[in-house]
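Asker: Here you go, sequence then predicted model.
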Amino acid sequence: MTTQPMTLLVIISEAVLEDTLIDEITDLGAKGYTITDARGRGTHGTRAGRWTQGGNIRIEVIGNAQLCGRIVERLQRAYEKDYGLLMYTVPIELQN
Amino acid sequence: MTTQPMTLLVIISEAVLEDTLIDEITDLGAKGYTITDARGRGTHGTRAGRWTQGGNIRIEVIGNAQLCGRIVERLQRAYEKDYGLLMYTVPIELQN
Amino acid sequence: MTTQPMTLLVIISEAVLEDTLIDEITDLGAKGYTITDARGRGTHGTRAGRWTQGGNIRIEVIGNAQLCGRIVERLQRAYEKDYGLLMYTVPIELQN
């Protein structure tokens, strides 16, 4: 058993973007992702308050800080203006 | 891209409390929350062992330490005696 | 209100293993767990690439570092060869 310090990136967004976000994440180099259905409200990443009560997704991606930074930058530039989008990172220990 | 150190508060409780907990959290100042359906078992926060196998929810709230502390205090005082309730906090970097 | 530093262990695996993993975790000493349904893709913990697009679960267990280490070791030895399995740990503050 060994552990490896990595970054967990959590992306909360609208369910309608699921396929699009998966393509972006994979294209940027993520080797995997985990999605759960979610609901909620928020004010981040949306100018028009388009977040709705339902139909959100929560995506987890594990990678190094560079990969997570690239994903954050790309998603903010491409989707933050028009969609609900909240992202945060957490340092984790991946168990290998 | 800038990042902002914040606190993630995770609340695991019974699904029957969903609307009540959302009201509490919002009243205390939370700007948003993310809910996922969950199931499980636990012994925290319940004197009568009322946690059941199903019908749980997992709520995420992001805020400063003060907001998260207020929510924890309020929920413990109001619900811990009669409902399954588990709360933990994690330092995160919010991606703005 | 007091807080207690603990370890959060997140286990992402195949839904078909749910009952088996719960038994393992409980036998090893976990007092509780939280499960959410998930979907995703990954390359960790599988030699034959058996991860599928659907039918995953995300399990959270809170414990001390020793308990989490025992669970990681046991699950890796027993399931990593034949099933999709990804595990990571995060330091948290349990709110008591």
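Answerer: Received it, and whenever you're ready, just let me know what you need. Numbering: from 1, shown residues only, chains lettered A, B, ... in the order given.
Asker: Run through the residues of chain A sitting next to chain C.
Answerer: Contact residues (C-beta under 8 Å from any C-beta of the partner chain) of chain A with chain C: A:1, A:3, A:6, A:8, A:31-37, A:60, A:62, A:90-96. (Each C-beta comes from the backbone N, C-alpha and C, glycine too.)
Asker: let's go with 10 Å and repeat that
Answerer: Within chain A, the positions near chain C by C-beta under 10 Å from any C-beta of the partner chain are A:1, A:3-4, A:6, A:8, A:18, A:22, A:26, A:30-38, A:57-62, A:90-96.
Asker: Can you say which of the residues you listed are buried?
Answerer: Listed as buried from the residues of chain A next to chain C are A:6, A:8, A:22, A:30, A:32-38, A:57-62, A:90, A:92-95; burial here means 16 or more other C-beta atoms under 10 Å in any protein chain shown.
Asker: Return the subset of those residues lying in strands.
Answerer: Using DSSP state E, the members of those that fall in strands are A:6, A:8, A:33-38, A:57-62, A:90, A:92-95.
Asker: Phi, psi for the residue in chain A that chain C sits nearest to please.
Answerer: Proximity to chain C, evaluated over chain A using C-beta to the nearest C-beta, is greatest for A:Gly32 at 3.0 Å. Note on A:Gly32: backbone dihedrals following degrees, to the nearest 10 are phi -170, psi 170.
Asker: List the residues that contact it.
Answerer: A:Gly32 makes contacts with A:25-26, A:60-63, C:12, C:40-44, C:51, C:84, C:86, as judged by C-beta atoms under 10 Å, 6 or more residues apart in numbering or on different chains.
Asker: of those residues, closest to A:Gly69?
Answerer: Taking C-beta to C-beta as the measure, A:Gly69 lies nearest A:Gly63 of those, at 9.3 Å.
Asker: Hmm, that closest one is touching A:Leu9, no?
Answerer: Yes. Here A:Gly63 reaches A:Leu9: they are 6.9 Å apart, a contact under C-beta atoms under 10 Å.
Asker: quick one: common contacting residues for these two?
Answerer: By C-beta under 10 Å, 6+ apart, the residues touching both A:Gly63 and A:Leu9 are A:25, A:30, A:33, A:69, A:71, A:89.
Asker: What is the most widely separated pair among these?
Answerer: A:Tyr33 and A:Gly69 (16.3 Å).
Asker: Can you list the helices and strands that the helix or strand of chain A with the lowest mean pLDDT packs against?
Answerer: The helix or strand of chain A with the poorest confidence is strand A:33-41; it has a mean of 95 (mean pLDDT, DSSP states H and E). Under the contact definition 3 or more C-beta pairs under 10 Å, 6 or more residues apart in numbering or on different chains; DSSP states H and E, strand A:33-41 sits against strand A:3-14, helix A:18-27, strand A:56-63, helix B:18-27, strand B:33-41, strand B:56-63, strand C:33-41, strand C:56-63.
Asker: Sheet-wise, list the partners of it with their directions.
Answerer: strand A:56-63 (antiparallel), strand B:33-41 (antiparallel), strand C:33-41 (antiparallel) (DSSP bridges).
Asker: mean confidence for stretch A:89-96?
Answerer: For stretch A:89-96, mean pLDDT is 96.
Asker: CA-only coordinates of it, as PDB, when you get a sec.
Answerer: C-alpha atoms of stretch A:89-96 as PDB (Å, rounded to 0.1, in the frame of the first residue of the first chain):
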ATOM      1  CA  THR A  89     -10.200  21.600  -5.100                       C
ATOM      2  CA  VAL A  90      -9.200  19.500  -2.100                       C
ATOM      3  CA  PRO A  91      -5.700  18.000  -1.500                       C
ATOM      4  CA  ILE A  92      -6.200  14.200  -1.100                       C
ATOM      5  CA  GLU A  93      -4.000  11.100  -0.700                       C
ATOM      6  CA  LEU A  94      -4.700   8.600  -3.500                       C
ATOM      7  CA  GLN A  95      -4.400   5.000  -2.200                       C
ATOM      8  CA  ASN A  96      -2.400   2.900  -4.600                       C
END
